[in-house]
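K.L.:
coords below, sequence missing:
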C-alpha cells in the first residue's frame, strides 16, 4: 500500500545547503534579524533632471492649448491697448507687461492649480515615498511649467514691438527675463497651491495672482495710485517687466537693467525656498 505520509516526516527534515541559507539572508545582512542597508539618497541635480523630464512629458499633451491661450490673451490685450496708447514709455510698459503675463499665466496660475490638485488627490504621497529631495520636486515642476512660456513670450514681445513700433535690437534680454521671472512666479504659484487648504482655494489664488500680474504689470506705473504702486513693487514679476521695458530704449541703462534682473533673481530664490518649505509641510501631513 502506498503511504500518504511525506517521506521527510519519517526520515527527518531535509536541510538546505549552506550557500542557499546564506543567500536567503540578503546581500549585506549580517543575520536574519538585521535589516538590509537602504540605498543612498538621490542627489539634487540628477533628481531635478528626472522630475523635470517627467513633468515635461506629462504636460506635453497640453502644450499647444497652453501656448495658444496664453499668447492669444496677451496679444489681445496689446491690441486693445493700442487704441489708447500711442507710444513712449506707456507703449514699452504695455509690451513688457503683456510678454511677462504669458509667464504669469502658466508659471503662476497653472502651477498653483497643479500643486493644489496634487495635494488634494494625494499625489504628494507618491513623491514623499521616493528618495528625492523636496527642492528637486518643486524646482523640476516649476522649470517644466516655465519652459512652456518661452515660445509664447517671444511671439508676444515681437508682435508687440511691431505693433507699437518699438526696436527689436535688445530683445535678447528675454534670455534672462524669462527664466528669472519664471522662477519667481513659479515659486509663488507652487507656494499658493501647497499652502491652500483646499483645491478650489488654490485655483482661486492662482487666478487672483494672474489678475494682479495683468493689472499691475500691463498698466503704466505712472498712472497707478500710490498704494497700488506699492503693491506693484511687491509683485515678483514687476522687476522682469521693468528690465524688459528699459531694453526698448534707444540707449538702455544696462546698470539699471542688471539691477532689476538681480532683484528678480533674489525674489525667485526666496519664492522657491518658500515653495520648498511648503512642500515639506504639506508632504508630512
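P.N.:
Yep, that arrived. What you see is a predicted model; the values in this text were computed from it and never measured.

K.L.:
Give me the neighbour count for residue 108.
P.N.:
As a burial measure, the neighbour count of residue 108 was computed by other Cβ atoms under 10 Å and equals 35. Quick note: C-beta positions are derived from backbone N, CA and C, even for glycine.

K.L.:
does the residue nearest to residue 240 when sequence neighbours are not counted sit in a helix or strand, and which one?
P.N.:
Of all residues beyond its chain neighbours, the one nearest residue 240 is residue 181 (3.4 Å), with distances taken as Cβ to Cβ, 6 or more residues apart in numbering. Assigned by DSSP states H and E, residue 181 belongs to helix 174-195.

K.L.:
Can you name the element that comes right after that helix?
P.N.:
Sequence order places helix 199-218 as the next helix or strand after helix 174-195, per DSSP H and E.

K.L.:
Tell me which residues of the very next helix or strand once past that next one come out buried.
P.N.:
Once helix 199-218 ends, the next helix or strand along the chain (criterion: DSSP H and E) is helix 226-234. By 16 or more other Cβ atoms under 10 Å, the buried positions in helix 226-234 come out as residue 232.

K.L.:
Relative to the whole chain's centre, how far out is helix 226-234?
P.N.:
25 Å (Cα atoms, centre = their mean, to the nearest Å).

K.L.:
ok, now which ones touch residue 113?
P.N.:
Applying Cβ atoms under 8 Å, 6 or more residues apart in numbering, we find residue 113 in contact with 193, 202, 203, 206.

K.L.:
helices and strands around whichever strand or helix holds residue 50, which ones?
P.N.:
Residue 50 is located in helix 44-58, with elements delineated by DSSP H and E. Using 3 or more Cβ pairs under 8 Å, 6 or more residues apart in numbering; DSSP states H and E as the contact criterion, the neighbours of helix 44-58 among helices and strands are helix 134-147.

K.L.:
The helix it packs on - contacts with which helices or strands?
P.N.:
Packed against helix 134-147 by the contact rule (3+ Cβ pairs under 8 Å, 6+ apart) you find helix 44-58, helix 111-120, helix 174-195, helix 254-283.

K.L.:
If I take that helix and helix 111-120, what angle do their directions form?
P.N.:
Counting by axes from the mean of the first three to the mean of the last three Cα atoms, to 10 degrees, helix 134-147 points 140 degrees away from the direction of helix 111-120.

K.L.:
tally of neighbours for residue 255?
P.N.:
Counted with other Cβ under 10 Å, the burial measure for residue 255 works out to 8 neighbours.

K.L.:
can you check residue 253 too?
P.N.:
Applying the criterion other Cβ under 10 Å, we find 11 residues in the vicinity of residue 253.

K.L.:
how much space between it and residue 170?
P.N.:
Relative to residue 170, residue 253 is positioned 12 Å away (criterion: Cβ to Cβ, to the nearest Å).

K.L.:
And for residue 163?
P.N.:
The span separating residue 163 from residue 170 equals 17 Å under the rule Cβ to Cβ.

K.L.:
And for residue 89?
P.N.:
With distances taken as Cβ to Cβ, residue 89 is found 16 Å from residue 170.

K.L.:
Residue 195 now?
P.N.:
With the distance defined as Cβ to Cβ, residue 195 ends up 38 Å from residue 170.

K.L.:
ok, those two, which is more surrounded?
P.N.:
Neighbours were counted for residue 195 and for residue 170 using other Cβ under 10 Å; residue 195 has more, 21 against 17.

K.L.:
Can you lay out the contacts of residue 113 as CSV showing distance to residue 104 and neighbour count?
P.N.:
Conversion of the contacts of residue 113 to CSV gives the following (distance: Cβ to Cβ, whole Å; neighbours: other Cβ atoms under 10 Å):
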residue, distance to residue 104, neighbour count
193, 14, 31
202, 16, 26
203, 15, 19
206, 10, 26
